[in-house]
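>>> prediction below, plus the sequence it came from.
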Amino acid sequence: MSPFPLWGSERPQSAADRSEAPVTGTRTYGYTNTLDAEHYARALRADIRTGLTSTPKSTAPTWFYDARGSELFEEITQLKEYPLWRAELGLFVLHARDIAERTGARSLVELGSGSSTKTKLILEALGPAGLHYVPVDVSEDALHQAGAHLVQEYPQLTLHALRADFTAPLTLPEPPVGAPRLIAFIGSTLGNFRRSVRVPFLREIRSLMRPEDFLLIGADLVKDTQEMIAAYDDCEGVTAQFNKNLLYVLNRELDADFEPDAFEHRAVWNDAEQHIEMRLRSLTEQRVSVRQLGLTVHFDRGEEWITERSAKFTTDGLRSELTAAGLQTDQVWADSEAGFAVTLATAHRAGPRIVRR
């Protein structure tokens, strides 16, 4: 589970969309907005219309994340059944300095506003003095909140927030001249992409990279099936609440009349696709109105609606996908016990090393 970007298109930037204002001293905060005010609503309507009229029904996990959904996700990251957040954090605690030394990066681009805890570990390892940091996210609030905290904590950090859909073509702010850039895509968010989409997406990232740049990816690894399922179906029922929160979001945003108690949460391992599916199973035959879409949706008793896919990887499998995208694996840091890996890739180097905890 991780926040999934919105699919959509960019629009030309106006002068009002671009700002770069010094805060105090050497501190600089810049902001560029590439998305219009209707981007979220338009993407929501398109995805729900397509997803609820497909067989099987399937929608993007983006829509979990209103304020309540974000709170529930924070709870999920602390559950004993869900070790991936802590595993990735532990890898950064151990190896952030290694990442800094191998990359020599003076510009950090983070796709997704991410965890401030993990971001700080990377920033501190790189050395925030004179560092250029570019968080990329669809959420204006998330960008400004994270930015405000970071520029206060790191006075010499130059921060340029970019509000954009990073699944669409991106134009990144120019880094300092001659500065290697590290593009971070952590939290196993890559796993929310279907297999057919991952390599084209990675090719787009590759197109942004100069020879001296690096890509850092966090990936949840394949492990025991029951262990993987438990991470998405915890005994406290927090993930079930998180999944059902989608229904409250659709009721509010699209004037729908979903009855949350008429659905139950399910987590299933799809071995053929190598991913976990979170599903909502209809407990009865029912019809649901989604009034803003002029849509009536029929559910059979027992019908299951896929609300999230979360792919699991092997280190060799991820390396193969990176290679297909024109990237070379430079090094892999793996937590064998928790089944999580952080991979560093470049556009020009080969000879991968694997470091296991």
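Thanks, I have the structure now.
>>> which non-adjacent residue is nearest residue 57?
Of all residues beyond its chain neighbours, the one nearest residue 57 is residue 305 (4.0 Å), with distances taken as Cβ to Cβ, 6 or more residues apart in numbering. Heads up, the C-betas are built off the backbone N, CA and C, glycines and all.
>>> and for residue 309?
In space, and not counting its chain neighbours, residue 309 is closest to residue 275: 4.8 Å by Cβ to Cβ, 6+ apart.
>>> and that neighbour, backbone torsions?
When read as degrees, to the nearest 10, the backbone of residue 275 gives phi -150, psi 160.
>>> can you report how many residues neighbour residue 135?
Using other Cβ atoms under 10 Å, residue 135 has 23 other residues around it.
>>> ugh, wrong one, residue 241
Counted by other Cβ under 10 Å, the residues lying close to residue 241 total 18.
>>> in this structure it contacts residue 72, no?
Yes - taking contact to mean Cβ atoms under 8 Å, the distance of 5.6 Å between residue 241 and residue 72 places them in contact.
>>> contacts for the helix or strand containing residue 136?
Per DSSP states H and E, residue 136 falls inside strand 132-137. Outside of strand 132-137, the residues within contact range by Cβ atoms under 8 Å, 6 or more residues apart in numbering are 106-114, 119, 123, 143, 146-147, 150, 157-164, 166, 170, 172-173, 175-176, 179.
>>> quick one on the thing from earlier: partners of the residue nearest to residue 309 in the sheet?
Per DSSP bridges, the residues bridged to residue 275 are residue 270, residue 311.
>>> relative to residue 61, how far out is it?
Residue 275 sits 12 Å away from residue 61, taking Cβ to Cβ, to the nearest Å as the criterion.
>>> about what we covered before: neighbours of the residue nearest to residue 57, just the number please.
22.
>>> which residues of this structure score low on pLDDT?
Across the chain, residues meeting the criterion (pLDDT under 70) sit at 1-27, 114-115, 349-357.
>>> list buried residues within the contacts of strand 132-137.
Of all the contacts of strand 132-137 considered here, the ones buried according to neighbour count by 16 or more other Cβ atoms under 10 Å are 106-114, 119, 123, 143, 146-147, 150, 157-164, 166, 170, 172, 175, 179.
>>> check which residues of the helix or strand harbouring residue 50 are buried.
Following DSSP H and E, one finds residue 50 within helix 39-52. Residues of helix 39-52 classed as buried by neighbour count (16+ other Cβ under 10 Å): 39-40, 43-45, 47-49, 51-52.
>>> thank you, goodbye.
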